[in-house]
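Enquirer: Requesting a structural model of the entry that follows:
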Amino acid sequence: MSRIVLCLQLFSSACFLLLLSSQTTDAKNSEDIRCKCICPPYKDVLGQIYNQNVSLKDCNCLHVVEPMPVEGKDVEAYCLRCECKYEERSSSTIKVTIIIYLSILGVLLLYMVYLTLLEPVLKRRLFGHSQLIQSDDDAGDQQPFANAHDVLSRSRSRSNMLNKVEHAQQRWKRQVQEQRKSVFDRHVVLS
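Expert: Predicted coordinates:
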């Protein structure tokens, strides 16, 4: 069990170091911001999507669309048809979320390995399979009818419980019948 805890600690520290190394000193990473311009077909030019890492004030067709597919006075008409959107994301939040997700999956995988492989082996070592069988045989030889009283008392309590449930069910059915008679025969509504 201590090995599993040690592996988890190593995994979490490695993920933390990976996260720290991926951080840059800039306030915004150039991959976190972009301007996306979607330009539909214009004359003989096919529609196209352009992406550029520019600031919010430069997010327009003139700064993003490079190389300009049209020339001269068609540039303004082409740019009016383009729809440009400024997009911003946080790659550090995405990385942290992925690391947490992978950590949880790793813990669940280790727990599954523990349950399927290690737990049966540990139970056999701790309790001993043959020792359990031998102790059951010894108890049966010494007092063969020792548990008979316990079995009888349990069966009585079960039948007693079934009787209580059956009695409650019969009482409920009678109440339903009385309510039906009141509503349909006597036309009295319960308040």
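Enquirer: going forward, measure contacts and count neighbours with C-alpha atoms only.
Expert: Will do.
Enquirer: show me the contacts for the nearest residue to Ser91 once chain neighbours are set aside.
Expert: The shortest distance from Ser91 to any non-neighbouring residue, by CA to CA, 6 or more residues apart in numbering, is to Asp32 (6.4 Å). For Asp32, the contacting residues are 88-91, by CA atoms under 8 Å, 6 or more residues apart in numbering.
Enquirer: What residues does Glu66 make contact with?
Expert: Counting by CA under 8 Å, 6+ apart, Glu66 touches Tyr50.
Enquirer: tell me the SS of it?
Expert: Here Glu66 is recorded as coil under DSSP: H, G, I helix; E, B strand; the rest coil.
Enquirer: Please tell me the pLDDT value assigned to it.
Expert: Confidence per residue is given as pLDDT, and for Glu66 that number is 90.
Enquirer: what do you get for the one 4 residues further on?
Expert: You'll see Val70 listed with a pLDDT of 91.
Enquirer: Could I get the phi/psi values of it?
Expert: Main-chain torsions, Val70, degrees, to the nearest 10: phi -120, psi 170.
Enquirer: where's it relative to Tyr78, distance?
Expert: According to CA to CA, to the nearest Å, Val70 stands 7 Å off from Tyr78.
Enquirer: Output the lowest mean pLDDT helix or strand found in this protein.
Expert: Among the helices and strands of the chain, helix 129-142 carries the lowest confidence by mean pLDDT, DSSP states H and E, at a mean of 50.
Enquirer: tell me the domain boundaries of this structure?
Expert: Using automatic domain parsing, the domains assigned to the chain come out as 33-88, 149-182.
Enquirer: Among these, which comes closest to Leu115?
Expert: Relative to Leu115, the nearest member of these by CA to CA is domain 149-182, separated by 33.2 Å.
Enquirer: In contact with the closest residue to Cys61 other than its chain neighbours, which residues are there?
Expert: Here the nearest residue to Cys61 in space, its sequence neighbours aside, is Cys79; by CA to CA, 6+ apart that works out to 5.4 Å. The neighbourhood of Cys79, defined by CA under 8 Å, 6+ apart, consists of 39, 61-62.
Enquirer: Next, format those as CSV and append neighbour count.
Expert: Formatted as CSV, the entries for those read as follows, by neighbours: other CA atoms under 10 Å:
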residue, neighbour count
Cys39, 21
Cys61, 24
Leu62, 13
